[in-house]
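[1] need a 3D model of the sequence below.
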Amino acid sequence: MAIPTISDTTSILGFDRGSLVNYQPFASDSPTSWAASNLPTGILIDSVTGLLSGTADDPGVFVVGLTATNGEGTSAVHEIAIGIGSEILGTDAIGVEIDVDLATGKAVLRGVDPAGDDAPTMFAKSGDQIFIDVGFFKDGSLQAIPCTQIMFTLKEYEGEEQLTLTSGVTELIGGGFDSRFRTMVDFDKTAIDNALSSYEGDVRTGFLGLAEIEWTYSYGDVNTAALNAKRSTQTFRVALDRDLI
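    As a prediction, the model looks like this:
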């Protein structure tokens, strides 16, 4: 075994003020302790695992010095520049909040209880572009999880081809244990209108689609590269109609 060497694949990190910081450095030769200098206010290091976590409070650029130690000695200082933006990141009025129960995988709109299993959870029209803010709950409390991507998929009914209505671009909204993950659902007019063509009506042209939310999260041992895993919600109903404009 040799003195640890900290991986140099990351040298710059950027976060919004008020956002959750969650960064795991890696080093060779099984370090038993870590240390950091010049951390931004609100961010702490786990001296055993090296995990940097917390909520970024003050804007600025901070050159942080990391070291890892094992029985053979202490590594050279590895510098990481952490930039904290001046704007405060937080929830706003444009997103539709969706709560996901991590125990059951059930997804519901915040404050809306569907009237039965076949009742719609969401309502949309062809051509709508809706931001969804996904929060993950356990035992009734919002959780801070290492989510890296949110995907929203829809199908007309079982057996039909899925329509992936999100690009995968995901933004962290809020911070710490007030974290939600935002992505835009694009109810593509051409794709939805093609499905609606089978449901022409004198009063309403619409159908109940089946949807699910898939999220990707990172995990792994502190001495290995981070890995990704995926999980999906239970399917839920989305009421879709043709737009009037």
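[2] only C-alpha atoms for contact and neighbour calcs from this point on.
    Noted.
[3] the closest residue to residue 14 other than its chain neighbours: how many residues sit nearby?
    Among residues not flanking residue 14 along the chain, residue 83 sits closest, at 4.7 Å (CA to CA, 6 or more residues apart in numbering). The tally of other residues near residue 83 (other CA atoms under 10 Å) stands at 20.
[4] pLDDT averaged over whichever strand or helix holds residue 83 - what is it?
    Residue 83 belongs to strand 78-88 when assigned by DSSP states H and E. If you average the pLDDT over strand 78-88, you get 77.
[5] list the buried residues for the helix or strand following it?
    Using DSSP H and E, the helix or strand that directly follows strand 78-88 along the chain is strand 95-101. Neighbour counts over strand 95-101 (16 or more other CA atoms under 10 Å) mark 95-101 as buried.
[6] pairing partners for strand 95-101, with directions?
    Strand 95-101 has its sheet partners listed here by DSSP bridges as strand 107-109 (antiparallel), strand 129-138 (parallel).
[7] who touches the longest one?
    Applying CA atoms under 8 Å, 6 or more residues apart in numbering, the external contacts of strand 129-138 come out as 94-103, 142-145, 173, 179-187.
[8] OK, contacts around residue 237?
    Taking CA under 8 Å, 6+ apart as the test, what residue 237 contacts is 118-122, 208-211.
[9] and for residue 228?
    Here residue 228 is in contact with 216-219 (criterion: CA under 8 Å, 6+ apart).
[10] can you rerun that using 6 Å?
    217-218 (CA atoms under 6 Å, 6 or more residues apart in numbering).
[11] dihedrals phi and psi, the residue nearest the centre of the chain?
    The centroid of the chain falls nearest to residue 147 when counting by CA atoms, centre = their mean (3.7 Å). Torsion angles at residue 147 (phi, psi; degrees, to the nearest 10) stand at phi -80, psi 130.
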